[in-house]
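Undergrad: got a structure for you, letters missing:
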């Protein structure tokens, strides 16, 4: 890795009008994560497996990893490594997705951070693709809709 590369990340945040406990129930369970982000597998325990199976623009992608951190009502982190089923090439290094909760008087501030793109061979292109993906899907609005309806 070129040590002169600066950290590259997608950073999103949203105030959700729900208690941290309700949001935590979604992001720390397989059923909750499936209803929000749609993973095929999400084992919410340290070292647990994470698997997404996605088709985008006619290409099937697998994103896989492991739960790295699980701090109840505060933070969950998992590794994220992409595999292109067409070329049979995986990223040489995983990135990391972190979801942090901070309870406030008016609800809960949720921060989603996807870091580590600087470790990838085509870092700028990969980062651009994920900025577009995370924002075009408005993933935190989807989480808000689930948490605020309960």
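TA: Looks like it arrived, so ask away. This one's a predicted model, so the numbers in the text were calculated from it and none came from an experiment.

Undergrad: contacts, neighbours, all on C-alpha from now
TA: OK.

Undergrad: Okay, buried residues for the longest helix along the chain please.
TA: Criterion DSSP state H: the longest helix present in the chain is helix 123-136. Using 16 or more other Cα atoms under 10 Å as the test for burial, helix 123-136 gives 127, 131, 134.

Undergrad: hang on, isn't the second one packed against residue 112?
TA: Meaning residue 131. No - Residue 131 is not in contact with residue 112 according to Cα atoms under 8 Å; the separation is 11.7 Å.

Undergrad: Which neighbours do those two have in common?
TA: Jointly contacting residue 131 and residue 112 under the rule Cα atoms under 8 Å, 6 or more residues apart in numbering are residue 10.

Undergrad: List just the nearest of the buried residues of helix 123-136 to residue 29.
TA: residue 134 (20.5 Å; Cα to Cα).

Undergrad: Which other helices and strands does the longest strand seen in the chain contact?
TA: If you go by DSSP state E, the chain has its longest strand at strand 59-71. Strand 59-71 sits against strand 49-56, strand 75-84, with contacts defined as 3 or more Cα pairs under 8 Å, 6 or more residues apart in numbering; DSSP states H and E.

Undergrad: Sheet-wise, list the partners of the helix or strand harbouring residue 102 with their directions.
TA: In the assignment (DSSP states H and E), residue 102 maps to strand 95-104. For strand 95-104, the paired strands and their directions (DSSP bridges) read strand 75-84 (antiparallel), strand 107-115 (antiparallel).
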